[in-house]
Structure formats: C-alpha cells, structure tokens
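Undergrad: Fold the following and give me the result.
(chains A, B and C)
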Amino acid sequence: MAELEVLLQVLFWGLYAGCIYILLATGLNIIFGVMKVVNFAHGEFLMVGAYITATVFFLSGINPYAIIFLSMLALIGIGAVVERLCFRPILGTSKLNEIFLSIGLIYIFTNSAAIIWGDEWQSIKSPYAGITIPIGSLTVPFDYIIIMVVTAAILCALYLFLKKTKTGREMRATSQNRKGAMLVGINVERIDIISFGIGCALAAAAGTLWVVSGQVFNPYMGSIPAVKAFAIIILGGLGSIPGAIVGGLLYGIAENGAAYYVGGIWKDAVSFIILIIVLVIRPTGLFGESGD
Amino acid sequence: MKLTANFTILFLVIVLIAALFAGCAQQAQTPAQPKEIKIGAIVSMTGPNSNIGKSMWQSAFLAADEINANGGIFVKQYNTKIPIALVQGDDESNQKGGQNAATKLITEDKVDILVGGYSSGVTSAYQQTVAEYKVPYIVTGASSPIITHRTDIDTSTVFHHCPTTDAYGKYTTNFIDQVIRPAVNKKFSFPADRPFRLALLYQDTAFGQGVQAAVNETITKNNLNIQLVSQQKFKMSESDFRTPLTVIKAANPDALYVAAAPNEGAQIVPQARRDVGLTTIFLAVENNDAPEYYKGIGQYGEYSIIESRFSPYTAPTGLVTDAQNAFKNNYFTKWGMYPDMMGASTYEGTYIAAKAIENAGTLNKADIRQALVDLRMPQLIEYMKDGTISFSKDFRESQFNHWMEQLYYNSTIGETRPKIVWPDNLKGTDFALPAWYKPGSA
Amino acid sequence: MAMDLNLKRDTLVRYGTLAVIGIAVVAPFLSGNLYIINVITLMLIFIIFASAWNLLAYSGQGSLGHAAFFGIGAYASTLIAAKSGISPYVTIFLGAAVAAFIGILIGLTCVRLKEWFLAMVTFGFAIIVQTITVSLLTPITGGWDGIASPRLLSPDIYGYQLIEYYSILAITIACIVFIYYVIRSRVGLAFSAIRENELEARAAGIDPVKYRLLAFALSAYLAGVAGALEIHHIGYITPEIFGVDLSFWPVTYVILGGLGTLAGPIVGTVVLTIIWDGLKLFGLTFGRYIIVGVLLILVIIFLPKGLVDIPTTIQKRWKQDTKGKNQYDLKD
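TA: Predicted structure coming up:
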C-alpha cells in the first residue's frame, strides 16, 4: 500500500517534469518539421526565456505567470534573428553543419548570459508558493497544477493555430512538401522564420515555467534538457506533435522511475539508454517515418 | 591537390607560432632583488565553477590589496617591504585548463607561492607539477581530504586550509547525537535508548560521498545510537529531488542530513516540505551557508540546521567578529556582493602566504614551506581551533572550529536568518524543535 | 597548366611538411619555456584527438560524444599501467585497443542510423559511460575522486619534459602519417564513397556497414591514444574526462580547420590554441567562448571547407580577376 502511494507520487513528479520536456520537444519538432533543421542549441532559448522571466519579475514584480507572454514574444524575435543570420545561410547544406553551428550558438548564448546576468545560480518565488491542494493521497503544490494547465493551454493554442489559421496551414503545407508549398505560392522563407520563432517561443515558455516552479537556473542549465528533448522527438517520431507529447511524458516518468529504482545518478543515462535501445530496434524511432 | 594547399597553410601557421615563441623567449630574466612577490591564485574563472572561482579570486585580490596598502611583505633577506603581485591562473573548471594554468604560474610567472584550488578533481590534475617544482601551495577550496592524503606523489608542499568532508560529516553527526536525539526523545517521551532515525541525501560526487562515508564512519566508530534509515544520492546539478525525497519520506526519518551544493540544497528543502510533505529537521553542509541558499529555501527553511564556519548573516560573538564583519563590508564595498566561505578561506590563505614568506625571511621555496610547517599565527576572520592557524603534522590540514546554526523566519525580509545553537561557548540560543515537527517511526 | 601547378604544389607539400616537423622539433629550444612546451604538448594531443574525430567524419559519421573514447582509452591505459607496471608508452596502445573495441560496439548500434541520430546516440553514450564509471565501476576507477595515473616518464629523469614532448610529437606524426595512408588507401576511398553517396557506394561493391565499423574502430583507437597520452601526461584521471566540453572541442577544431582534410584538424587545433591561450593573456574569460563561437559560425557559413581553404578561395578570386568575369573555372 505504502509502496503504491510512493509509486503514484513518483508518477506525478514524472508528469510534472514531462511538461518542460513536452514544450521543448514540440518546439524542436515544429522547427524540424518545417525547416528540417537540427538545432542543438534549443536549450539555450529555454535558458534565455528563464532569465528574461526572472529579470522582468525582479524589475516589475508582476505575476511571473503573466511574464510568459513577454518571454515568448522576446524569443520569437531572438529566434527570428538566429534563423535569418545563422541557419538560413546553411539551409540544405548538410545536417551535420547544423549541429556544428549549434555548438557555436551554445558557446555564444551560454557565455553571453554569464556576462549579462552573472553565472550564479538564481531563483525566484512564485506568489502561490505556499498553496497546496490535496488530490487523493497526494498533496500537490498549486503551482504545479497551474504549470500543467498552462502547458496544456499552450499546446491547444498551438493546435488551433496550426489547424485554423492561414499561416498555420501554410506551415503544415511547408512541412509536408517544401517544393510543393513553394509552387503554390507560399513564401517558405517567411514560414521558416515564423516556425523558428514559434519553436523558440515554446522553449521560452518552458523557461518561464521552469523559473516559476521555483527551480534554480544558471547560464549552463539548457544543454541537458535540450538533448533530452531531442531524444524525445526521436522516440516520439520526427515532426509528430502527439509523439512529442507522449514521448515527453514517458521520459519524465522513466527518469523519475530510474531515480527511484536504481538511484539518481542514472537519471540522465537512462534517457539515453532508452534512446539507444529504441534506435537499435527501430532506427527511425518509435513512431517515426523516415524523417527526411 | 587540396592536400597541397592545406600544407601550405599549415606551414604558414607554424611559422607564425615559431615567431611567437621567439618573442616569448626573449623575456625571461630575473633580477637579483625582486620588485614584487608573486602569489599565484589558481581559481575557476570560467566553466561551471566560475561563481565560486570569482569569489575566491576577489577575496585573494582584497587581501593582496590590503597587504600592499601597508607596503607589502617584509622580507628579512632584503631588509625591505616588497609588494605582492597576485597572478591569476584560470583553471577553466577542467583538468586541461588546470594543468596549463599551474604550469604557466609555476614555470613562466615563476610564482613564489600558490593559493586557491577548488574542485578536487581539477586540483589533482596539476598537483604533480606543484610537487615537481616544490612550490608551496595553500589549497583553500577543495573539500576532499585526498588533496593532501594521496601517496602517489609528494604532497609535502601542499597545505590544506579548508575543512574537509571528513570534518563536517563528523561534526554534524555528533550534533545530531548530542542535541537533536535527546531533544526528540524528551519532547515525545521516547525511551533514552531509542535509535535515532537519520536519513541521508547526498550529491553523488567525491564531495557527497565523502560526507556519506564520514557519517557512516562516525556512527560505527563511536557506536552512536543512530540508525541510517535511508541513504539516497542524486546527480550533480540536479534540480528535481522529489523522487528520492519521496523514498526518504517512506522510510520515516527523524531528521534528514543533506550533503549538496547551495543551488541544490536551496531546492531540496522546499521540495521536501511543500511537495513531498516531509515535516522533519533538515541539516545542511557548511557550503550552503550562502545568500542564495537562504533565498531559495524561503520560509520552508524554518528551523532547519546548517553546519557552518563562515556565514553571510551571523558571526559568533568574540575575538574575530569585528575582523569578519570588516572583511564582509570591505568585500561588499569593493565588489558589490557578499563573499562566500571559499572566499573567506582564500582571503585567509593569501594572508597565510604573506605571513609564511615574512617568517621565512626569504623567497626560497623550501624555507617558505618550512615556515608553513612551523606556522602558528592568530586566527584571522574564521574561528580556528585554539584560536590559531597551524597545519597538522600528518596531513598539513588546518583545524577549523565549526558551529551549528538554526534558521528562524523573519517575515520582514521574507527569508530565514541563522542563530548559533551549538557548541555551548558560541551559541546565542538553544536548539528548538518546531511545533509541526513529526518524529519518524519504525 | 593544372599539371604544372600540381607539380609545384607537390614540392611545396614536401617542403611544408619538412618545415612543420623541423619547427616542431626546434620549438622547445626557441622558446626554452616550459609553459609553452606544456601548451604545445597538450596541443599535439588534441591534434591527434581532432584528427581521430575527423577520420570518423570522413566516413560521413559525426560524433558528439568522442570524449567517451578519449576517456575509455585513458582509463584503460591507466588501469593497465597501474596494475601491471608496464610503461605507459606501451599501455597507451593497449588502452586505445579497448577504446576501439567499445567503438565497434557503439558503431554496431549506429551504422544504420541517420547522421544526426548518430550524433545523439554518441552524445548520450558519453553520458552513459560516465555514469557507469562513477557507479558500477567505482571499485576500479575510484568514482568521482578519480585515480592517479602513472606518468609517461618519471620526473626524476633530467629534462623529462623535453623527452616527453618529443615522444608525443613522434606519436602525433605517426598518427597523422597513419591517417594519411588510410585516407589514400582503398579504405579511405571507400569511406569517402560512403560519405558522398551510400547507394552508389553499395552499387560499386562497397559494404557500408563494414567500412563504417572500421571507421569507428580506427577513430576510437586514435581518440583512445590521445586520451591516454593526456592522462599519463597530467598524472591523474577523473570522470570529468567524459564531459560535454571534451566532446565539443575536437568538433570545433576540425570545423574551423577544415572538415575531411588531413591538415584541417592540425590547422584548427593550432589556430584555436593560439587564439584561446592568447586571449587568456588579455584577461578574457567568457568572452573567449563567444569569440570562438562567432568564429565557428562565420567559418561554417562563409568558409564551408574551413581555414585550409583560404588559399584556394583567394586563388579563385585572383584567377577570376585576371581572366575576366565571363570566364569560369570549370575544373573546380
């Protein structure tokens, strides 16, 4: 009985951790889906989003959840610049080139952040930090409920955007067939910028939620979550948003399960062990088609 | 064809370096009487440890500044005061960087003495260079005893001015046995021979494992009535501790000893109390006594314990109080922030280096080393055993006096502030169990 | 015309190579500075490491976790040398064999993967190896504390740094020559065929799986040699050797110098070492990384073949200018 209760809790922490991964992975998937670009520096956008949230919060003191819009907006801008200056010139050269370019971006973003904001660990406190809500046998902090709701809301909004708006339809068209999209008169370069921006905005949202939940952050925080997000989209299938969601949740749970059964040190390793096993069995990922 | 072009380039590049070398070769010439005394500070200015490295560098800088304001160090051999030149060696938080930095300081800058050193892994990487040139080195940041205990190389010039994991694990375990255990037994009318249920959550690195080993050893060696009901570990820089905390809660501990870095500890306490509902006494290792920790734990840190030797927010009343406050204020005036304990020991380390050179009366390295062996100088800003800084004969470790702090919530600042509760000669108040405290059960 | 140029260049190559080796040989005497010798020693080791990474990339496989092989070679050599008492000069080649063996195993899981899946798997592999080193293998690796590693030479030997430097220089040259012959051999031809077009390579009777595994083994072996050399030079090893930083450096060196060329890793490592340690003299800390990052991106965008391509680029410009704009050099 007690064992079951512990397991239930571990499962819940996994769900919560999964939210951050889902947002990151979905953003990556949009970028990959439309541009076929592999951006390993995606975690740096999470980090920048976290710092923007914290800075605005320190300066203005407004509700940090409201800052999510601001940090998303800022990252759309930063993302557009990065896309235009760095990724567009090498589009279509080689997948490896994109990875190498990302390494340069990681150096630049991490160390610029260290210069601008300092390299100390920082944290902020949510206005709801003290509130907890009992759910069954669990006592859950109110913040985590909000975070799950916000994640769900962002994903719904994204879904509606992709299905109902003209730009959203153009994005889907480009991701399905870039040449075809060009032929029917879609400005794919515009779509590239928008997709990259939206992908970055999702990372920024993840950064805001990271900060609001009281987790500490520093300039080096982004790399590991980003690589895990990659593992997730490989698992969940390239370009598949439902796959990213399922993969993100599975990862959150698997990691916490690993911490529970074999010890915390295995938390990162287990993500990659799963990845390697899956790829050995299915080189294209669990739900993936051929990718590109 | 492409290959050929490549080699042309290669050739040009190498010629360039050769020119560089030639330029460098011209410099080295040492005058008979040195214009300055060179103290090398090996610190992590870049990489993951850079925030601690910065604090260490700024503290050493402050100390050197103060000494130079008084004209420098008096060296008998030259019968004059010679100013200090502090030379920075950035170890980049990694072994290769450490090796390069140490070699440069030792062979090119030809420093007379070294201070600093943070990560034990990085420090180990250049220790052989230190040993080879027999440079006196005052290690002020690495907490693993291995620094002076390793036997594969000569460590006789290395002096450790920083408490080791052995020291704090032992100290905290004794506090639990002598203060918390009786308090719990008394409050809940338990029989005096009831085993105290202690849980341990530690970083899975040399640092955390060192604390874990020290706790286990102290319990067995002194036959303490403490039972370790759960020992969980986590990966360095982890931010989600809920799962190990859930496991610990299921083990029903009387108290939880956390061996973590401040950024981790600051999250463990809120996650334990708020998310997992662990209503117990938390004990933290000394490096958590830093502003970021107080900020992170917020009100959840109420009644928790920190083992300490240098705190941003309190100082035991006595001989060093003024000196300690002066250091904090001067540091704040100069750098606009407060120093941490690695800064405090590096500040002292610089003074120790100066004192050793003065005592030696010469810049001969063997004499400086001997002066460090014989050193007995009054404590500076931290409480030392017997009020004296001196290095033990066996492993050349200085002996710090620690104390235990309990944190009380201050609603005006919205954070907790420490009060010293142990040992008796330093304490300002008694250890108290909060009303919400629940003891564990088998 | 083209023939002439080639001939001229061939002599250039010969003289160039000789000059390079000559300078490397006399460098210690020119400088007489142990710090510089130490920097060059580490630089030589990283030339091997970067060349090893480059060899794998030459077969079309980009690894983001080469620190794994660097570290495995280092740990294996350290353990063999410490337990048996054999000279590290021998054990570096034994330790590297262990790295090569593991390289084949990881290569087996990778051969069917797309290029960037492979990058992910290798990245993760370095993390897995690190985790195993500090958990399951703690009894022999010393966990996070690390263990002392036997030195290449005892510091009691007079002038041991110079002997060490020359021996490492000799090993570096041997590695480069080895790679040169591999690339020029049928094996190298197969590597580039697979890289350029796997289907055509298959049609030409090349077994991609076999050659990919071979590339993995060779690359892991050389990376292992580099790792073992570094650790025996430093004298201590900790699991930080598997860090992301060490996986990214060879990539940075090679991309900057020129991917898939013999001289690329050498030029990249030399140039970056000069920049890196030069900027340090100016007291730059985080700024150094930013400069390297910007440089890397600029090279990727504007000099896709790396710094070694500068003469060709200049030559092309010059040719265009003299021949007039309406003539194109079809040969390139």
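
Undergrad: While we're on the residue in the stretch 101-250 of chain A positioned nearest to chain B, how confident is the model there?
TA: Closest residue of the stretch 101-250 of chain A to chain B, CB to the nearest CB: residue A:121 (3.5 Å). The C-beta positions use only the backbone N, C-alpha and C, and glycine is treated the same way. pLDDT, residue A:121: 82.

Undergrad: neighbours around it, how many?
TA: Residues near residue A:121, counting by other CB atoms under 10 Å in any protein chain shown, number 25.

Undergrad: Setting the sequence-adjacent residues aside, check what's closest to it.
TA: Spatial nearest neighbour of residue A:121, chain neighbours left out: residue B:263 (3.5 Å); criterion: CB to CB, 6 or more residues apart in numbering or on different chains.

Undergrad: Just confirm the one you found contacts residue B:236, I think it does.
TA: No. Counting by CB atoms under 8 Å, residue B:263 does not reach residue B:236; the two are 10.1 Å apart.

Undergrad: In contact with the residue in the stretch 51-200 of chain A that chain C sits nearest to, which residues are there?
TA: For the stretch 51-200 of chain A and chain C, the shortest gap (CB to the nearest CB) falls at residue A:107, measuring 3.2 Å. Residue A:107 makes contact with C:289, C:290, C:292, C:293, C:296 under the criterion CB atoms under 8 Å, 6 or more residues apart in numbering or on different chains.

Undergrad: what subset of these is also close to chain B?
TA: residue C:289 (CB under 8 Å from any CB of the partner chain).

Undergrad: Can you pull the residues of the stretch 201-332 of chain C lying near chain B?
TA: Checking the stretch 201-332 of chain C against chain B by CB under 8 Å from any CB, the hits are C:230, C:233-236, C:238-241, C:243, C:245-246, C:258, C:261-264, C:266-267, C:270-271, C:274, C:277, C:280, C:283, C:285-286, C:288-289, C:307-312.

Undergrad: Let me see the ranges of the strands in the stretch 101-250 of chain C.
TA: Shown for the stretch 101-250 of chain C, the strands assigned by DSSP state E, counting those that start in this stretch span residues C:147-148, C:236-237.

Undergrad: Does anything pack onto the first one? Which helices or strands?
TA: It refers to strand C:147-148. helix C:67-84, strand C:236-237 (3 or more CB pairs under 8 Å, 6 or more residues apart in numbering or on different chains; DSSP states H and E).

Undergrad: which parts of the stretch 51-200 of chain B sit against chain C?
TA: Going by CB under 8 Å from any CB, the residues of the stretch 51-200 of chain B near chain C are B:88, B:90, B:94-96, B:99-100, B:103-104, B:107-108, B:120-122, B:124-128, B:131-132, B:144, B:146, B:150, B:152-153.

Undergrad: Tell me which helix or strand comes right after the helix or strand hosting residue B:132.
TA: Residue B:132 is located in helix B:120-133, with elements delineated by DSSP states H and E. Going down the chain from helix B:120-133, the next helix or strand is strand B:137-139, by DSSP H and E.

Undergrad: Who does that next one pair with, and is each partner parallel or antiparallel?
TA: Paired strands of strand B:137-139, with direction, are strand B:113-116 (parallel), strand B:158-160 (parallel) (DSSP bridges).

Undergrad: looking at the ones you listed, which is closest to residue A:196?
TA: Closest approach to residue A:196 among the strands paired with strand B:137-139 (CB to CB): strand B:113-116, 43.4 Å.

Undergrad: centre of the chain versus that closest one, how much separation?
TA: 15 Å (CA atoms, centre = their mean, to the nearest Å).

Undergrad: same thing with stretch A:147-160?
TA: 13 Å.

Undergrad: what's the nearest residue to residue B:355 once chain neighbours are set aside in contact with, if anything?
TA: Spatial nearest neighbour of residue B:355, chain neighbours left out: residue B:377 (5.1 Å); criterion: CB to CB, 6+ apart. Residue B:377 is in contact with B:352, B:355, B:388, B:389, B:390, counting by CB under 8 Å, 6+ apart.

Undergrad: looking at those, which has the most residues close by?
TA: Most surrounded of the contacts of residue B:377: other CB under 10 Å gives residue B:352, at 27 neighbours.

Undergrad: In three-state terms, how would that residue be classified?
TA: helix (DSSP: H, G, I helix; E, B strand; the rest coil).

Undergrad: Wait, it touches residue B:371, no?
TA: No. Counting by CB under 8 Å, residue B:352 sits too far from residue B:371 to count as a contact (10.0 Å).

Undergrad: Relative to the whole chain's centre, how far out is the strand or helix carrying residue C:313?
TA: Here residue C:313, judged by DSSP H and E, is contained in helix C:310-323. From the chain centre to the centre of helix C:310-323 is a distance of 30 Å (CA atoms, centre = their mean).

Undergrad: can you pull the buried residues of stretch C:33-46?
TA: When burial is assessed from 16 or more other CB atoms under 10 Å in any protein chain shown, stretch C:33-46 yields the following buried residues: C:33-46.

Undergrad: Would you pull up how far that stretch lies from the middle of the chain?
TA: 15 Å.

Undergrad: is chain B contacted by that stretch?
TA: Yes. Shown here: stretch C:33-46 in contact with chain B (CB under 8 Å from any CB) through C:33, C:34, C:35, C:36, C:38, C:39, C:42.

Undergrad: for that stretch, what is the average pLDDT?
TA: 87.

Undergrad: mind listing the strands for chain A?
TA: A:132-135, A:138-141 (DSSP state E).

Undergrad: about what we covered before: wait, what's in contact with the residue of the stretch 101-250 of chain A closest to chain B?
TA: Counted by CB under 8 Å, 6+ apart, residue A:121 has contacts A:216, A:217, A:218, B:51, B:262, B:263, B:266, B:292.

Undergrad: Show me what the helix or strand bottoming out on mean pLDDT in chain A is packed against.
TA: Across the helices and strands of chain A, mean confidence by mean pLDDT, DSSP states H and E is lowest for strand A:138-141: a mean of 79. Packing contacts for strand A:138-141, counted by 3+ CB pairs under 8 Å, 6+ apart, involve helix A:2-35, strand A:132-135.

Undergrad: between the contacts of residue B:377, which is nearest residue A:54?
TA: residue B:352 (38.7 Å).

Undergrad: Give the full set of residues in contact with the closest one.
TA: Residue B:352 sits next to B:115, B:138, B:159, B:161, B:372, B:375, B:377, B:389 when contact means CB under 8 Å, 6+ apart.

Undergrad: try residue B:246
TA: A:6, A:9, A:10, A:13, A:260, B:276.

Undergrad: Tell me the one of those residues nearest residue C:216?
TA: residue A:260 (34.9 Å).

Undergrad: so where do the helices sit in the stretch 1-150 of chain B?
TA: B:2-25, B:50-69, B:95-103, B:120-133, B:146-149 (DSSP state H, counting those that start in this stretch).

Undergrad: Lowest average pLDDT across the ones you listed?
TA: Taking the mean pLDDT of the helices of the stretch 1-150 of chain B, helix B:2-25 comes last: a mean of 51.
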